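K.L.:
Can you look at this prediction? I've put the sequence above it.
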Amino acid sequence: MSVLDSFRLDGKTAIVTGASKGIGRALAEGLAEAGANVCVANRNEHDGRKAAEAISSSTDAETTAVAVDVTDETDVEQMVEQTLDEFGAIDILVNNAGIARMAPAHEMSLETWNEVIETNLTGVFLCTKHVGGAMIDGDGGTIINMASMSAFVANYPQEEVVYHASKGGVVSFTRQLASEWAKHGIRVNAMAPGYIRTEMIDEMLSENPEMEAAWLSEMLFDEMASPDELAGTAVYLASEASSYMTGETVVIDGGYTVR
């Protein structure tokens, strides 16, 4: 197998959560371009279906869309069943669905804390539990969890301690699960982006425009990345090109954590 061939995902099936827009959409499209069938798993069924159709049109990949709330175990079980019914197997899981909430820790409500933890960490667990079960019963697979550079450094000037706690948990979850599931032929890695120009970031900046200058001042590049710039890393982690890699977190942050 040539080096370039090792990046191909022909015949593989991937589930990407939170895949109707932003980073998830870019990762789903990148996996499809590399040859994978893709299940666009998204809370909003209409948006997910539109994204799946667009990805299929642009890549010629087979796609499907599933409505799922990653914090609802029944939803997650149905997502797995529908994907298996459609494609017969699940080889790749990208746990991308996530949210961010800002509030000083002493003013943050328990409701806000639970909302972020349930989506960013419990959702990763539930999807991994049920997709991983299918992988264990099958031929193994690869799992990619969406962490963040915020698992390793403090962000400034925003106050979002719950987001940091959730993403730190994702990194530790990734490492431990890789250790437990290597015997099943399942590799588990994570991606840790920095500031990526997504709809969520734009909404945050619309309310706090001064934050962008503060972020850029800590980076080695002059601007935030686009979601498309993460797709290559997802293909690498999902493919045989990274066959000897598990339990690791790849930081992609424009140099933010260097200093």
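P.N.:
Everything's here; your move.
K.L.:
hey, which helix is longest across this protein?
P.N.:
helix 161-181 (DSSP state H).
K.L.:
Identify the residues contacting that helix?
P.N.:
Contacts with helix 161-181, where a contact means CB atoms under 8 Å, 6 or more residues apart in numbering, come from 95, 98, 100-101, 103, 105, 108, 112-113, 116-117, 119-121, 124-125, 128, 132, 136, 143, 145-148, 150-152, 154-155, 187-190, 192, 246-249. For every residue, glycine as well, the C-beta is placed using N, CA and C.
K.L.:
Keeping just the C-alphas, turn that helix into PDB.
P.N.:
The C-alpha atoms that make up helix 161-181 are tabulated as PDB, following Å, rounded to 0.1, in the frame of the first residue of the first chain:
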ATOM      1  CA  VAL A 161     -14.500  26.800  33.400                       C
ATOM      2  CA  VAL A 162     -17.200  24.200  32.600                       C
ATOM      3  CA  TYR A 163     -16.000  24.000  28.900                       C
ATOM      4  CA  HIS A 164     -12.400  23.400  30.100                       C
ATOM      5  CA  ALA A 165     -13.600  20.800  32.500                       C
ATOM      6  CA  SER A 166     -15.500  19.000  29.800                       C
ATOM      7  CA  LYS A 167     -12.700  19.000  27.300                       C
ATOM      8  CA  GLY A 168     -10.100  18.000  29.800                       C
ATOM      9  CA  GLY A 169     -12.400  15.000  30.500                       C
ATOM     10  CA  VAL A 170     -12.500  14.100  26.800                       C
ATOM     11  CA  VAL A 171      -8.700  13.900  26.700                       C
ATOM     12  CA  SER A 172      -8.500  11.600  29.800                       C
ATOM     13  CA  PHE A 173     -11.400   9.600  28.500                       C
ATOM     14  CA  THR A 174      -9.600   9.100  25.200                       C
ATOM     15  CA  ARG A 175      -6.400   8.000  26.800                       C
ATOM     16  CA  GLN A 176      -8.100   5.500  29.100                       C
ATOM     17  CA  LEU A 177     -10.400   4.100  26.500                       C
ATOM     18  CA  ALA A 178      -7.500   3.500  24.100                       C
ATOM     19  CA  SER A 179      -5.900   1.400  26.700                       C
ATOM     20  CA  GLU A 180      -9.000  -0.600  27.400                       C
ATOM     21  CA  TRP A 181     -10.100  -1.200  23.800                       C
END
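K.L.:
Heading C-terminal from that helix, find the next helix or strand.
P.N.:
Next helix or strand after helix 161-181 toward the C-terminus (DSSP states H and E): strand 186-193.
K.L.:
Mind giving me the packing neighbours of that next one?
P.N.:
Packing partners of strand 186-193 (3 or more CB pairs under 8 Å, 6 or more residues apart in numbering; DSSP states H and E): helix 123-137, strand 141-146, helix 161-181, helix 231-238, strand 249-252.
K.L.:
Fine by me, thanks again.
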